[in-house]
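>>> I would like the atomic coordinates for the input below:
(2 chains)
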Amino acid sequence: MNLKLIFNQESAMETVAQEEMPAESSRAAEQAHLLMSQVSIDFPTPKGSFRALDKIDLNIQRGEFVSLIGHSGCGKSTVLNIVAGLYQPTEGGVILDGREVTEPGPERAVVFQNHSLLPWLTAYENVALAVKQVFKGKKSKAEMREWIEHNLRLVHMDHAMHKRPDEISGGMKQRVGIARALAMEPTVMLMDEPFGALDALTRAHLQDSLMEIQRELKNTVIMITHDVDEAVLLSDRIVMMTNGPAATVGEVLDIDLPRPRDRLTMADDAQYNHLRHEVLKFLYEKQRKDET
Amino acid sequence: MKTLSLKWPSPSGSSASKPSPVSTLINRLMRGLGLPVLGIGAFLLIWSVAASHINTALGKFPGPVAVGQQIVNMYEQYQHAEAKRARFYQRQEKINAQRVAQDPSYKPRIFPYTGPPTFIDRIKTSLITVLSGFLLASLIAIPVGIVLGLSASMYAMANPIIQLFKPVSPLAWLPLVTLVIAAVYTHVNPLFPKAYVVSMITVMLCALWPTIVNTAIGVASIPQDLRNVSKVLRLGWFTYVRKIVLPSSLPMMFAGLRLSLSISWMVLIAAEMLAQNPGLGMFVWDEFQNGSSQSLSRIMVAVIVIGLIGYLLDRTMLLLQRLISWDKKAVLR
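Here you go, the predicted model:
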């Protein structure tokens, strides 16, 4: 079966190793590309501290596309913000290529849910802000211009690159947001419900674009989503989170569908539908959430 | 005025069912031009009726007609003074030319005209004083506002002081400023007259607060997402301020600047009266002390001019905001 508990042998061993054999654990950390180990976070509230995430373990390979799925409010965004360095975990930590994450940085570029483009800059200038910051002294002016235009071409935004965010559609804004993140040449790209605010057709277009880009660049991606189809179609692995408080990783599902994946063929594919069913079962049977 | 929607009868009388282009044009003309003119007419009527019932020590309160005559009168006085000034310089040049003709080694000197300042001179003085005070206040208030907006603890530290000084009237500041300037500013031959410095500093002290508060609020309300973008990019402090903080808080900053400028203009008139800075405030005070039969209507002219300049200053700020603002679609009023 593709279903695999997250507390698999590797990470379970590592948990033990951390306590008993520090040398062993540091070796595991060195080998891993992106490792979240025993990550917990408490938020202070007037009624005392609130444990949002509890002991999250996750080991992500280079070039892997991982989706985080779960009901709203379960702390998916918090996980992403911890990897981004925007939040500091109360316990545990994140290690990227052998170095602990302590602050935000462009090697962990974030695509925000509501695009977060600077409204007073054009698409080109928005990407340029990132490129100038990341490649200061490493690229010449002409190289930077070429790199900015290249990334806008990649997301099919080269026709409107001198337009400001309020002059382009929601989908186009999100494309520019992705171009900005890609232009930072990140080790890991973090996407916080990147297509959540878009209509279904635009979302499908952007998903196809993202798959196309991913085929070429093979970035490590962590994407938060609440869309089951999106998760199955795009991911190599789906991490399903339990409901909060003290949310943690419930199950991990390997998606070993062959690439490139085509959404039309997939819709009829037994394996695809089975995987989809597994995710739905987790969300609506095991982690049923009664919205009041 | 939104609740008061007036319908104008159209010539055809059936505009309610299908408005013709002509009737909509008339409607728009009435709204844009007719109603303001009607308002001004009503005001003039009330003014002239009320004025004719007020008797002061200096005679009847001037109505619109008396003030209109006074404007013409003051314009003639101004022309007269200008002609006098021109004659003064002409005479000097003539004498100088003669002396140079007699003695080629003579270096001609031009003595400045020392007649009383004309009304236009007073307007100039007032404008220079208010703008320099406002500019100085802005130069201090904008950076302070940015720093307070960026740091919640700095804001908490400064807030009580701002709240304490914000409502202080310029009249309370003025004696203190006068004494301090008298003690500190003791050049024998000062570059700026003391009265100017006192008025300018008083204007500045009152103009600081709205810009500080509004800038701080504007900076503090930058969306979290944009702050996160800056963190992910590891923007330096100055780049963050220049690329994100300034454009983002510009609308609030301008709201503060406009408030500050209108306060400056109000404060200036009071400051000039007391500090004897030869601007419009001093003109009003002098006319009051003078107490001639003309005084009241001359003060009334000054009141109208003060109002008009205040309005123009605000419009200029609005224009400047439109010019600088990135969001050309934003409705500014």
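
>>> C-alpha only now, for contacts and for neighbours.
Fine.

>>> give me the pLDDT for B:Ser308.
One correction, residue B:308 is Leu, not Ser. We have a pLDDT of 95 for B:Leu308.

>>> which strand or helix spans it?
helix B:295-324 (DSSP states H and E).

>>> that helix and chain A in contact?
No - for helix B:295-324, no contact with chain A is found by Cα under 8 Å from any Cα of the partner chain; the gap never falls below 11.2 Å.

>>> by contact count, what packs against that helix?
Helices and strands touching helix B:295-324, by 3 or more Cα pairs under 8 Å, 6 or more residues apart in numbering or on different chains; DSSP states H and E, are helix B:64-102, helix B:246-275, helix B:280-290.

>>> give the buried residues for that helix.
Residues of helix B:295-324 classed as buried: B:295-302, B:306, B:310, B:313-314, B:317-318, B:321-322 (neighbour count, 16 or more other Cα atoms under 10 Å in any protein chain shown).

>>> stretch B:129-149 now?
So, applying 16+ other Cα under 10 Å, buried residues of stretch B:129-149: B:129-138, B:141-142, B:144-149.

>>> what residues does chain A put near chain B?
Near chain B, when you scan chain A using Cα under 8 Å from any Cα, you find A:84, A:86, A:104-106, A:108-110, A:112, A:116-118, A:120, A:130, A:133-134.

>>> scan the residues you listed and report the most crowded one.
With neighbours defined as other Cα atoms under 10 Å in any protein chain shown, the most crowded of these is A:Val110; it has 34 neighbours.

>>> and the pLDDT at that one?
In this model, A:Val110 carries a pLDDT of 93.

>>> then the one 3 residues further on?
On pLDDT, A:Gln113 comes in at 84.

>>> how about it: what's its closest non-neighbour residue?
Among residues not flanking A:Gln113 along the chain, A:Pro194 sits closest, at 4.8 Å (Cα to Cα, 6 or more residues apart in numbering or on different chains).

>>> and stretch B:233-241, which residues are buried?
Of the residues in stretch B:233-241, B:233-235, B:240-241 count as buried by neighbour count, 16+ other Cα under 10 Å.

>>> stretch B:145-165 too?
For stretch B:145-165, burial by neighbour count (16+ other Cα under 10 Å) applies to B:145-150, B:155, B:162.

>>> now for the residues you listed: which two are most distant?
B:Leu150 and B:Ile162 (16.4 Å; Cα to Cα).

>>> looking at the residues of chain A next to chain B, spot the one nearest B:Asn27.
Checking those one by one against B:Asn27 (Cα to Cα), the nearest turns out to be A:Trp120, at 37.9 Å.

>>> for that closest one, list the residues it contacts.
A:164-165, B:247, B:326-327 (Cα atoms under 8 Å, 6 or more residues apart in numbering or on different chains).

>>> which single one of those is nearest to A:Gln207?
Nearest to A:Gln207 among the contacts of A:Trp120, with distances taken as Cα to Cα, is A:Pro165, at 20.5 Å.

>>> what kind of secondary structure is the nearest residue to the closest one once chain neighbours are set aside in?
Spatial nearest neighbour of A:Pro165, excluding adjacent residues (Cα to Cα, 6+ apart): A:Pro119 at 5.6 Å. Going by DSSP: H, G, I helix; E, B strand; the rest coil, the secondary structure assigned to A:Pro119 is coil.

>>> ok, now A:Ile41?
With three-state DSSP as the basis, the three-state label of A:Ile41 is strand.

>>> excluding chain neighbours, what is closest to B:Gly149?
Nearest non-adjacent residue to B:Gly149 (Cα to Cα, 6+ apart): B:Ala216, at 3.9 Å.

>>> which residues does the one you found contact?
B:145-150.

>>> take the residues you listed and write them to TSV, including distance to B:Val197, pLDDT and secondary structure.
Shown next, in TSV, are these (distance: Cα to Cα, whole Å; pLDDT from 0 to 100; DSSP: H, G, I helix; E, B strand; the rest coil):
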residue	distance to B:Val197	pLDDT	secondary structure
B:Gly145	25	95	helix
B:Ile146	27	95	helix
B:Val147	28	95	helix
B:Leu148	28	95	helix
B:Gly149	30	94	helix
B:Leu150	33	94	helix
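
>>> which among those gets closest to chain A?
If you rank these by distance to chain A using Cα to the nearest Cα, B:Leu150 comes first, at 17.4 Å.

>>> quick check: the closest one touching B:Ala220?
Yes - at 6.0 Å, B:Leu150 and B:Ala220 qualify as touching, with contact defined as Cα atoms under 8 Å.

>>> how much space between the closest residue to chain A within chain B and A:Gly177?
Residue nearest to chain A within chain B (Cα to the nearest Cα): B:Val232, separated by 4.5 Å. B:Val232 sits 13 Å away from A:Gly177, going by Cα to Cα, to the nearest Å.

>>> okay, the two: which has more neighbours?
Neighbour count, other Cα under 10 Å: between B:Val232 and A:Gly177, A:Gly177 has more, with 26 against 22.

>>> mind checking which helix or strand the more buried one is in?
Assigned by DSSP H and E, A:Gly177 falls in helix A:170-183.

>>> what distance separates that helix from the middle of the whole chain?
Its chain's C-alpha centre and that of helix A:170-183 lie 15 Å apart, by Cα atoms, centre = their mean, to the nearest Å.

>>> which elements pack onto it?
By 3+ Cα pairs under 8 Å, 6+ apart, helix A:170-183 packs against strand A:110-111, helix A:123-134, helix A:141-154, helix A:200-217.

>>> got a markdown table for those, with distance to A:Met266 too?
Output for these, formatted as a markdown table (distance: least, Cα to Cα, whole Å):
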| stretch | distance to A:Met266 |
| --- | --- |
| strand A:110-111 | 26 |
| helix A:123-134 | 34 |
| helix A:141-154 | 25 |
| helix A:200-217 | 13 |
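
>>> so for B:Phe111, which of these sits nearest?
helix A:123-134 (57.7 Å).

>>> got the buried residues for the closest one?
A:123-134.

>>> same thing with stretch A:88-97?
Neighbour-count burial for stretch A:88-97 [16+ other Cα under 10 Å]: A:88-89, A:92-97.

>>> now, which of these lie within strands?
Cross-referencing those against strands under DSSP state E gives A:92-96.

>>> quick one: contacts of stretch A:44-51?
Residues contacting stretch A:44-51 (Cα under 8 Å, 6+ apart): A:40-43, A:245-246.

>>> contact partners for B:Ala271?
B:170-171, B:174, B:198-199, B:202-203, B:277, B:281.

>>> out of those, which are buried?
The buried subset of the contacts of B:Ala271 (16+ other Cα under 10 Å) comprises B:170, B:174, B:198-199, B:202-203, B:277, B:281.

>>> just the pLDDT for A:Arg215.
86.

>>> which residue packs closest to it, ignoring adjacent ones?
A:Pro260 is the one closest to A:Arg215 (Cα to Cα, 6+ apart), at 7.9 Å.

>>> and what about that neighbour, helix, strand or coil?
Following three-state DSSP, the label given to A:Pro260 is coil.

>>> that one and chain B: what is the separation?
31 Å (Cα to the nearest Cα, to the nearest Å).

>>> give me the neighbour count for that residue.
Neighbour tally, A:Pro260, other Cα under 10 Å: 11.

>>> torsion angles phi and psi at it?
Main-chain torsions, A:Pro260, degrees, to the nearest 10: phi -70, psi 150.

>>> that one and B:Lys94, how far apart?
From A:Pro260 across to B:Lys94, the span is 96 Å (Cα to Cα).

>>> ok so, going back, wait, the residue nearest to A:Pro165 touches A:Glu167, no?
No - using Cα under 8 Å, A:Pro119 makes no contact with A:Glu167, being 9.8 Å away.

>>> okay, the two: which has more neighbours?
Shown here are A:Pro119 and A:Glu167; by other Cα under 10 Å, A:Pro119 has more neighbours (18 against 13).

>>> ok so, going back, just checking, the residue nearest to A:Gln113 touches A:Ser116?
No - contact criterion Cα under 8 Å: A:Pro194 and A:Ser116 do not qualify, at 10.9 Å.
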